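Asks: Give me a 3D structure for the following:
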Amino acid sequence: MPTHLTLALDTAAVNIARGFAMDAPLKAKSGHQGTAMALAPLAHVLYSRIMKHDPTDSLWPDRDRFILSAGHASILQYSMLFLQGYGLEMSDIQAFRQWGSATPGHPERGHTAGVEVTTGPLGQGFANGVGLALAERHLRARFGSEVCDHHTYVVAGDGCLMEGVSHEAASLAGHQKLGRLIVIFDDNQITIDGRTNLSCSDDVALRFSSYGWSVSNLGEIGDDLDALESALTAARDSLDDRPKLLILRTQVGFPSPDWTGKHEAHGNPFNAEHVTRTKQAMNIPDEPFWAPLDVVAACRESAKVHGAQQRLAWEVRLEASALQQEWAAVWNGGFSDWREALPSFALGESIATRVAVQKVFDAVLPKQPGLVSGSADLTGNTGTKLSGQIPMSADNPQGRQVYYGVREHAMGSAMVGMAVHGGVYPIGGTFFVFFDYMKPPIRLAALSKAKCLFVFSHDSVGVGEDGPTHQPIEHLAALRAIPDLQVIRPCDANETAQAVRFAFEHDGPTALILSRQNLPVLTDGSAVAHGAGIVRQAAGKADVVIVATGSELHVALQAADDLQATGIDAQVVSLPSWDRFVAFRATNPVEANKILPRDVETVSVEAGTTFGWQLFADSCVGIDRFGASAPGSEALDRLGINPLSVVSAVKKLLKR
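Replies: Sure thing, here's the model as predicted:
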């Protein structure tokens, strides 16, 4: 572990961070200084005395992970990254919250070196931390502590623990006994509206104890560096296999003479007079962005030297590991020949795509050693059960089957944490209608380019008798609206296999939308590559194009046959992925126009809302109402997802 800086350097480093916490929001006229000021000593101790990290290699696999779940206090983390030498310079701190800066309003993974996860929506970072800890323990169990042996540190506030996702995630963490997860709860008893007792009277210690956590009340030691170090060291070195909650009582805005302990300090930038008085109380120069060069240099040199020592020692251990080749495979997307393991399905075979996807996962599993799969209590129903795999648990952390329980929100957030940890490719499944419970982590997965696969089965009113509460209508449109999320709704088993392929190859998250009911195998799956492909070619120039996704492709083909009997020649297109096709059309407009010709009238058919289909179609067959309880085939038919409706739409369009 790093040796200590001198007392004078420690004091100066904390004061620099507190000064930045005031100066940056003041300059930006936006930001949250109060929490960052109060937690500056804690952050300094974590980065300079406790955590294993190397600023010269921010992606070193065996580094400790730091998550600022209270992401509104981003200037705190930026101050540490500046002092520790992660590449942030004074100009970056001064550009806080400005267009194009490396210091955005909330931490963003991939945007700023040293930021592990994208945080801001409260509770998400906490739940991401559970996923990070799951990934670390899983890899340590499989590869040994010689190559994987680190901790996850999370700083969370009252808002994080109020949000429901923290309850789900904390329960999961306690059940899994994630002893390497250390959460510091900033108990400042402040929210934007005022004191927390306006809305909350939870006993946090009892709550977390009931979840199976080890809880320590640290009291008011927020400015005592040695006491903080002692508490964090004890948590880090503990052999207790329970996750740790350290409750730290702080005063927001400390040491401001005007705003210490007041809720106004949370999100209202201090004015210049407030900053001046606070710097006088701190006994530092009243100048903006005060950071003596010798202090910064000393902090950076210490971090660089000790970080490099630890990383180089790890590299020697990795080199000696008998599992080095498999280690490389889990971190680099599988063994090089994994695509050869993808199965194919015979034309005419009838199989639900949720069943097909399980066959695909089982086939590629030996070649994808980083793959772990699970579900929110719907493992067998969603195709996410891996044959012959033991559950990941406290007793068997090397297991590759994760049982998340009825915790969709925590599952999504933990998957993001596992994905950004690296070495694990998480798959998680549930019914499509329950996407509603997973929207926040899916959005953050897309924003942070987390490589994971969200599997949604029972994708339409074909769910049947469960009725409108369980029949997704608007969900595809909602998913497709998320930037940088790859969405694929395959029409058959072969498109499902190719969807898995392109999910693994995609630099970010994928949502895979699958059928409950059996579907005929109609294609070779090639449409997925470009997002769309011709399934039925017109004899000459097409009179109309019918474009469909998922279970509706066979409806489109039947309609085309019916139209042929009336002298109307239709081209049928499978469009499993809007986003892939839009990207293909942007770079290959001529080829894309052959698939969906702009000069030919087009009718779309999909068992969901028609919202958005105007991008591709002139007329839309869909469902713009909630569903109904009935056998799935009857529900589809009565709601107009049938060849007759498509034929009628085509004739009406051509007549128009």
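
Asks: Residue 93 contacts residue 79, correct?
Replies: Yes. In this structure, residue 93 sits in contact with residue 79. The criterion is C-beta atoms under 8 Å, and the distance is 7.3 Å. To be clear about C-beta, it is placed using only N, CA and C from the backbone, and glycine gets the same treatment.

Asks: quick one, which of the two is more surrounded?
Replies: For residue 93 against residue 79, the residue with the higher neighbour count under other C-beta atoms under 10 Å is residue 79, and the figures read 28 against 23.

Asks: any shared contact partners between residue 93 and residue 79?
Replies: Contact with both residue 93 and residue 79 is made by residues residue 20, according to C-beta atoms under 8 Å, 6 or more residues apart in numbering.

Asks: which regions of the protein lie under the pLDDT threshold?
Replies: Within the chain, the stretches falling below the threshold (pLDDT under 70) are 1-3.

Asks: ok, longest helix in it?
Replies: Longest helix in the chain by number of residues (criterion: DSSP state H): helix 293-320.

Asks: What helices and strands are in contact with it?
Replies: Secondary-structure packing of helix 293-320 (3 or more C-beta pairs under 8 Å, 6 or more residues apart in numbering; DSSP states H and E): helix 7-28, helix 74-84.

Asks: Show me which residues of stretch 524-538 are buried.
Replies: 524-525, 527-528, 530-536, 538 (16 or more other C-beta atoms under 10 Å).

Asks: want to try a markdown table for those, with distance to residue 460 and secondary structure as columns?
Replies: Supplementary listing: the buried residues of stretch 524-538 in a markdown table, determined by distance: C-beta to C-beta, whole Å; DSSP: H, G, I helix; E, B strand; the rest coil:
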| residue | distance to residue 460 | secondary structure |
| --- | --- | --- |
| 524 | 24 | coil |
| 525 | 21 | coil |
| 527 | 19 | helix |
| 528 | 19 | helix |
| 530 | 24 | helix |
| 531 | 20 | coil |
| 532 | 20 | coil |
| 533 | 21 | strand |
| 534 | 24 | strand |
| 535 | 19 | strand |
| 536 | 22 | strand |
| 538 | 28 | coil |
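
Asks: quick one: which of the residues you listed is nearest to residue 427?
Replies: For residue 427, the nearest member of the buried residues of stretch 524-538 is residue 528. The distance, counting by C-beta to C-beta, is 17.4 Å.

Asks: Was I right to think that closest one contacts residue 503?
Replies: No. Contact between residue 528 and residue 503 fails when scored by C-beta under 8 Å: they sit 9.8 Å apart.

Asks: so residue 586 sits in a strand?
Replies: No. When DSSP: H, G, I helix; E, B strand; the rest coil is applied, residue 586 is found to be helix, with no strand at that position.

Asks: Now do it against residue 11, distance only.
Replies: When distance is defined by C-beta to C-beta, to the nearest Å, residue 586 is 55 Å away from residue 11.

Asks: These two: which has the busier surroundings?
Replies: Set side by side, residue 586 and residue 11 show unequal neighbour counts under other C-beta under 10 Å, the larger going to residue 11 at 18 against 9.

Asks: what about residue 200, helix or strand, and which?
Replies: Of the helices and strands defined by DSSP states H and E, none includes residue 200.

Asks: residues in contact with it?
Replies: For residue 200, the set of contacting residues under the criterion of C-beta under 8 Å, 6+ apart consists of 158, 162.

Asks: In contact with residue 207, which residues?
Replies: By C-beta under 8 Å, 6+ apart, residue 207 lies in contact with residue 170.

Asks: what about it, which SS state?
Replies: When the structure is reduced to helix, strand and coil (three-state DSSP), residue 207 reads as helix.

Asks: Against residue 48, how distant is it?
Replies: Summarising the geometry, the distance separating residue 207 from residue 48, computed by C-beta to C-beta, is 32 Å.

Asks: just to revisit the earlier point, which element follows the longest helix of the chain toward the C-terminus?
Replies: Immediately after helix 293-320, counting by DSSP H and E, sits helix 324-331.

Asks: which other helices and strands contact that next one?
Replies: Using 3+ C-beta pairs under 8 Å, 6+ apart: helix 324-331 touches helix 124-143.

Asks: Any buried residues in the helix it packs on, and which?
Replies: Applying a neighbour-count criterion of 16+ other C-beta under 10 Å, the buried positions in helix 124-143 are 124-140, 142-143.

Asks: what does stretch 142-154 give?
Replies: Within stretch 142-154, the residues that qualify as buried by neighbour count (16+ other C-beta under 10 Å) are 142-143, 147-154.

Asks: Which ones among these map onto strands?
Replies: Among the buried residues of stretch 142-154, DSSP state E puts 152-154 in strands.

Asks: Please put the alpha-carbon coordinates of stretch 139-153 into CSV.
Replies: What follows is stretch 139-153, C-alpha atoms only, in CSV (Å, rounded to 0.1, in the frame of the first residue of the first chain):
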residue,chain,number,x,y,z
LEU,A,139,-13.1,-14.0,-11.7
ARG,A,140,-11.1,-14.5,-8.5
ALA,A,141,-12.8,-17.8,-8.0
ARG,A,142,-12.0,-19.0,-11.5
PHE,A,143,-8.5,-17.5,-12.0
GLY,A,144,-7.1,-17.2,-8.5
SER,A,145,-6.2,-14.3,-6.3
GLU,A,146,-2.8,-14.1,-8.0
VAL,A,147,-4.5,-12.3,-11.0
CYS,A,148,-7.8,-11.0,-9.6
ASP,A,149,-7.8,-9.6,-6.1
HIS,A,150,-9.3,-6.2,-5.6
HIS,A,151,-12.1,-4.3,-3.9
THR,A,152,-15.0,-2.1,-4.9
TYR,A,153,-15.5,1.2,-3.1
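
Asks: quick thing: my sequence starts at 822, can you match it?
Replies: In the new count, where the first residue is 822, that last one comes out as stretch 960-974.

Asks: what angle do the longest helix of the chain and helix 945-964 make?
Replies: Counting by axes from the mean of the first three to the mean of the last three C-alpha atoms, to 10 degrees, helix 1114-1141 lies at 40 degrees to helix 945-964.

Asks: angle of helix 1114-1141 against helix 1145-1152?
Replies: Going by the same axes, to 10 degrees, helix 1114-1141 makes 120 degrees with helix 1145-1152.
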